[in-house]
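Structure of the sequence below:
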Amino acid sequence: MKRLAQIIGFIGAAAALVWAMRDRFISVATSREPEPPSFRSGVAKSTPVDVIEGIGPVFAKRLTDAHLGTLDALAVASPDQVAEAASVSAARARSWIDLAKQS
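The predicted model follows:
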């Protein structure tokens, strides 16, 4: 009976370990998948971001240093990424992204 309890305890511990590490196993397997192809819309928006109201030369320089210096790059960026790059609030970054998408 004691041996059976040890076997059940070992199986339970192994199952708990696998359950705890499942996110690690999934993220490693997912990261090895190739990136999906990106399709271009045919219209290049290589316009600098300083055409957007509220983005002056200082913010434009910060965004350009973070490789977000064009409207197309700004339109596909995340609000957190833009906010961190320009040192602005996430709400302001979202408004810039919306304006870049409209342009």
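
Around the nearest residue to residue 47 once chain neighbours are set aside, how many other residues sit close by?
Ranked by Cβ to Cβ, 6 or more residues apart in numbering and with sequence neighbours excluded, the top spatial neighbour of residue 47 is residue 71, at 4.8 Å. The C-beta positions use only the backbone N, C-alpha and C, and glycine is treated the same way. Neighbours of residue 71 under the rule other Cβ atoms under 10 Å: 22.

per-residue pLDDT, residue 71?
Listed pLDDT for residue 71 reads 90.

so what's it up against?
45-49, 51-52, 100, 103 (Cβ atoms under 8 Å, 6 or more residues apart in numbering).

Adding pLDDT, neighbour count and distance to residue 5 as columns, could you present those in JSON lines?
What follows is these, written out as JSON lines (pLDDT from 0 to 100; neighbours: other Cβ atoms under 10 Å; distance: Cβ to Cβ, whole Å):
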{"residue": "45", "pLDDT": "54", "neighbour count": "14", "distance to residue 5": "67"}
{"residue": "46", "pLDDT": "80", "neighbour count": "9", "distance to residue 5": "69"}
{"residue": "47", "pLDDT": "86", "neighbour count": "15", "distance to residue 5": "71"}
{"residue": "48", "pLDDT": "89", "neighbour count": "14", "distance to residue 5": "70"}
{"residue": "49", "pLDDT": "89", "neighbour count": "24", "distance to residue 5": "66"}
{"residue": "51", "pLDDT": "89", "neighbour count": "12", "distance to residue 5": "72"}
{"residue": "52", "pLDDT": "89", "neighbour count": "22", "distance to residue 5": "68"}
{"residue": "100", "pLDDT": "89", "neighbour count": "24", "distance to residue 5": "63"}
{"residue": "103", "pLDDT": "77", "neighbour count": "14", "distance to residue 5": "69"}
